[in-house]
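# here's my sequence, what's the structure:
(2 chains)
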Protein chains: 2
Amino acid sequence: MEKKLILDGNVVANAVKESLKDRIKVLNENGIKPCLATILVGDDPSSETYVKMKGNACSRLGIESKRIHLSKDTTTEELLQVIQELNEDENVHGILLQHPVPHQVDERKAFETISLEKDVDGVTSWGYGQTALGFGVFPSCTPAAILKIMEHYQITAKGKHAVVVGRSPILGKPVSAMLLNENATVTTCHSHTTNLPEMLKQADIVVAAVGKPNFIQGDWLKEGVVVLDAGYNPGNIGDVEYDSCYEKASAITPVPGGVGPVTISMLLKHTVDSAEYTMKKSNKIIH
Amino acid sequence: MEKKLILDGNVVANAVKESLKDRIKVLNENGIKPCLATILVGDDPSSETYVKMKGNACSRLGIESKRIHLSKDTTTEELLQVIQELNEDENVHGILLQHPVPHQVDERKAFETISLEKDVDGVTSWGYGQTALGFGVFPSCTPAAILKIMEHYQITAKGKHAVVVGRSPILGKPVSAMLLNENATVTTCHSHTTNLPEMLKQADIVVAAVGKPNFIQGDWLKEGVVVLDAGYNPGNIGDVEYDSCYEKASAITPVPGGVGPVTISMLLKHTVDSAEYTMKKSNKIIH
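Residues are numbered from 1 along each chain as shown, chains lettered A, B, ... in the order given. Predicted structure coming up:
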């Protein structure tokens, strides 16, 4: 029997963060401090926690973070104004608008206002389109994290059947697109899928991106499947029922400690990428 | 046994074109002549034929067409210049760059230069992203045609398993995205798919977008499948082996006379949509 692999997100995240240190040093030597602006609208406690985690991850690595906290009754127009200002601010290299925003705000319109060059969280339709067509610069961070974990553990997608459960604009759709670009045959399932267990039974790779705790059962899976759990439900619970899926899997991400930490490291990486792009544009050479 | 349905593209295309006549009349009354610019680079005979067909379809309906024919040694820069001029030309409402362009031209760069508002052929990554996220204005014409045929014949995608064979940027990828948005479970297959017949056997809806004549065989399909053949190979041959697939299908598009004519009608529709958008922008009211 093959050895079972626990896909350790902390190991992957640390490798990513380690690789950024020298790059940040070079940026600093050239007078550039990579800076991520985070926008939080309202006072949802989990959103506050996420934004704080991202800010702390930045500061531990020497990436500046500019935290903007808007009141829960912010209008769409007010939010767009803030985003526009950040688009124009030369010292800001990435913009993250924490999802979800209060219901009176047009979230899609706000996402679309983020300039492509600063869309380090991969939320714009333009960025999505570029990613899906194979030349995107900043794919959404969770899909990017899933691909990074696969790369780290040398799990190839080519010729495999990947079944993605979920089709959100920043998770299910882009991860489907990215796995397709890696030459997997990709099936995207969702709430209208009538035969989910039958579909999953065929999967060589399962991506759980459905947002329902413990939703995917081990007996829906085939022996030897690779399970990537992007779920992060209250109480640190993933979308897959870990114990039963563990039994079937050849490799599996735990929750917590799987996709989550890598997602944050991809956000940091994209911010550094963007800062380097700024440096190149100003004709400074990376040495 | 249920009646077998031949999905007649000419019927659908005529219905689309008929619906445009009054809209074009209103545009004309407001001093606007909808205009499609077509760009042909080089002298590939099939491309010449396609461009001519599109131009003729325009003129039959009273849509202007501005035909630009560039020599086969055109550079990328020269082509971008032409596209920029068309972007800025207020009298042009849609721009179509005929695929393929000669090898020295960066086709993707040229596509990306077409402004979103005039991308009536749905080739830009931004337009693709908007379509995939569910709010695109001009999806690529062949995928739009496939969805239009389904709508016309009241074939619902919701809850069905659609298998798309092919993943090109203007066909396989966007039709997969559009079927997903119509609530189908979607599998996208391609040259690296290892078990294509097994996948196709599960399909309620098959979209053939692979560009190989007579590739898909009837005995790969299940009884009652809906077959949509977007192939258009030399000699008017589709991607599906018609006779054997006909036997299995509950509904099937012929080639020619299936997806092809509807594709052109969608191009005309998008051009009219774009002209109306121009009219609205100039604060004229549609009455």
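# check whether A:Pro102 sits in a helix, strand or coil.
Of the three states, A:Pro102 takes coil according to DSSP: H, G, I helix; E, B strand; the rest coil.
# what about it, how many residues nearby?
Using other Cβ atoms under 10 Å in any protein chain shown, A:Pro102 has 17 other residues around it. In this view, the C-beta of every residue, glycine as well, is placed from N, C-alpha and C.
# pretty sure it is touching A:Val41, no?
Yes: A:Pro102 is within contact range of A:Val41, at 6.0 Å (criterion: Cβ atoms under 8 Å).
# need the residues touching each of the two.
Counting by Cβ atoms under 8 Å, 6 or more residues apart in numbering or on different chains, the contacts common to A:Pro102 and A:Val41 are A:Lys72, A:Thr74.
# indicate the residue of chain A located nearest to chain B.
Going by Cβ to the nearest Cβ, chain B is nearest to A:Gly129 of chain A, at 2.7 Å.
# tell me who's in contact with that residue.
Shown in contact with A:Gly129 (Cβ under 8 Å, 6+ apart): A:Gly136, B:Thr124, B:Ser125, B:Trp126, B:Gly127, B:Tyr128, B:Gly129, B:Gln130, B:Ala132.
# give me the phi and psi for A:Asp229.
phi -100, psi 110 (degrees, to the nearest 10).
# give me the neighbour count for it.
For A:Asp229, using other Cβ under 10 Å, the count is 28.
# and if you look at A:Ile155?
Neighbours of A:Ile155 (other Cβ under 10 Å): 18.
# swap in the one 5 residues further on?
By the measure other Cβ under 10 Å, the count of residues near A:Lys160 is 21.
# isn't it right next to A:Gln202, touching?
No: here A:Lys160 lies out of contact with A:Gln202, judged by Cβ under 8 Å, at a distance of 10.7 Å.
# a markdown table for the contacts of A:Gly129, including pLDDT?
As requested, the contacts of A:Gly129 are exported to a markdown table (pLDDT from 0 to 100):
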| residue | pLDDT |
| --- | --- |
| A:Gly136 | 95 |
| B:Thr124 | 98 |
| B:Ser125 | 98 |
| B:Trp126 | 98 |
| B:Gly127 | 98 |
| B:Tyr128 | 98 |
| B:Gly129 | 98 |
| B:Gln130 | 98 |
| B:Ala132 | 98 |
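# so which of those residues belong to helices?
Among these, the subset assigned to helices under DSSP state H consists of B:Ser125, B:Trp126, B:Gly127, B:Tyr128, B:Gly129, B:Gln130, B:Ala132.
# residues in contact with the fourth one?
This points to B:Tyr128. B:Tyr128 makes contact with A:Gly129, A:Ala132, A:Leu133, B:Gly122, B:Gly136, B:Ser140, B:Pro169, B:Lys173, B:Pro174, B:Ala177, according to Cβ under 8 Å, 6+ apart.
# for the fifth one, which non-adjacent residue is spatially closest?
Going back to what we said before, that points to B:Gly136. Counting by Cβ to Cβ, 6 or more residues apart in numbering or on different chains, B:Gln130 is the residue found nearest to B:Gly136 once chain neighbours are left out, at 3.8 Å.
# which residues of chain A fall in helices?
A:9-29, A:45-61, A:76-88, A:107-113, A:125-132, A:141-152, A:172-181, A:196-201, A:242-248, A:259-281.
# looking at the ones you listed, which is buried most?
Neighbour counts (mean count of other Cβ atoms under 10 Å in any protein chain shown) averaged over each of the helices of chain A peak at helix A:172-181, with a mean of 27.
# identify the residues contacting that helix?
Under Cβ under 8 Å, 6+ apart, the answer for helix A:172-181 is A:122, A:128, A:131-132, A:134, A:139-140, A:142-144, A:146-147, A:157, A:162, A:164-167, A:186, A:188, A:190, A:205, A:207, A:209-210, A:230, B:132-133, B:167, B:173, B:177, B:180, B:188, B:190.
# how distant is it from the center of its chain?
12 Å (Cα atoms, centre = their mean, to the nearest Å).
# just want the angle from it to helix A:141-152.
On the basis of axes from the mean of the first three to the mean of the last three Cα atoms, to 10 degrees, helix A:172-181 is oriented at 30 degrees to helix A:141-152.
# so how many other residues sit close to the nearest residue to A:Gly238 once chain neighbours are set aside?
Counting by Cβ to Cβ, 6+ apart, A:Gly238 lies nearest to A:Val255, which is 3.2 Å off, once chain neighbours are set aside. A count of nearby residues for A:Val255, using other Cβ under 10 Å, gives 23.
# I'd assumed A:Tyr232 was in contact with A:Val255.
Yes: with contacts defined as Cβ under 8 Å, A:Val255 counts as touching A:Tyr232 at a distance of 6.6 Å.
# list residues touching both of the two?
When contacts are counted by Cβ under 8 Å, 6+ apart, the set common to A:Val255 and A:Tyr232 consists of A:Gly238.
# out of the ones in helices among the contacts of A:Gly129, the closest to chain A would be?
Nearest member of those to chain A, counting by Cβ to the nearest Cβ, is B:Gly129, at 2.7 Å.
# and A:Val226, how many residues sit next to it?
Neighbour count for A:Val226, taken as other Cβ under 10 Å: 24.
# also the one 4 residues further on?
Taking other Cβ under 10 Å as the neighbour definition, A:Ala230 ends up with a count of 29.
# what of the one 5 residues further on?
Number of residues near A:Gly235 (other Cβ under 10 Å) recorded here: 6.
# could I get the pLDDT score of it?
Per-residue confidence (pLDDT) for A:Gly235: 90.
# ok, it - contacts?
A:Pro213.
# residues of chain A that sit close to chain B?
A:108, A:124-130, A:132-133, A:135, A:158-159, A:161, A:167, A:169, A:173, A:177, A:180, A:183-190, A:192-195, A:199 (Cβ under 8 Å from any Cβ of the partner chain).
# if we use 7 Å, what do you get?
Contacts of chain A with chain B, taken as Cβ under 7 Å from any Cβ of the partner chain, map to A:125-126, A:128-130, A:132-133, A:158-159, A:167, A:169, A:173, A:180, A:183, A:185-189, A:192-194, A:199.
# pLDDT weak spots in chain A?
Applying pLDDT under 70 to chain A picks out residues A:1-2, A:283-287.
# domain boundaries for it, per the record?
Residue ranges for the domains of chain A, per automatic domain parsing: A:32-115, A:141-260.
# for B:Gln84, which of those domains is the nearest?
Closest to B:Gln84 of those is domain A:32-115 (Cβ to Cβ; 20.9 Å).
# start to end distance for the closest one?
Criterion Cα to Cα, to the nearest Å; first-to-last residue distance in domain A:32-115 is 20 Å.
# how far off centre is it?
16 Å.
# and for stretch A:108-117?
17 Å.
# dump the residue contacts of the residue nearest to A:Asp243 when sequence neighbours are not counted.
Ranked by Cβ to Cβ, 6+ apart and with sequence neighbours excluded, the top spatial neighbour of A:Asp243 is A:Gly218, at 7.4 Å. For A:Gly218, the contacting residues are A:Glu241, A:Ser244, A:Cys245, A:Glu247, A:Lys248, by Cβ atoms under 7 Å, 6 or more residues apart in numbering or on different chains.
# count the neighbours of the first one for me.
Pointing back at A:Glu241 there. For A:Glu241, the count of nearby residues is 18 (other Cβ under 10 Å).
# that one and A:Asn214 touch, don't they?
Yes: here A:Glu241 reaches A:Asn214: they are 4.4 Å apart, a contact under Cβ atoms under 7 Å.
# A:Asp239 and A:His93, how far apart?
Here A:Asp239 is placed at a distance of 32 Å from A:His93 (Cβ to Cβ, to the nearest Å).
# which of those two has more neighbours?
The neighbour count for A:Asp239 versus A:His93, taken as other Cβ under 10 Å, is higher for A:His93 (28 against 25).
# that one contacts A:Thr271, doesn't it?
Yes: between A:His93 and A:Thr271 a contact is recorded at 5.5 Å, counting by Cβ under 7 Å.
# shared neighbours of the two, anything?
Counting by Cβ under 7 Å, 6+ apart, the shared contacts of A:His93 and A:Thr271 are A:Pro34, A:Leu36.
# about what we covered before: so what's the residue nearest to A:Gly238 up against?
A:Asp229, A:Gly231, A:Tyr232, A:Asn236, A:Ile237, A:Gly238.
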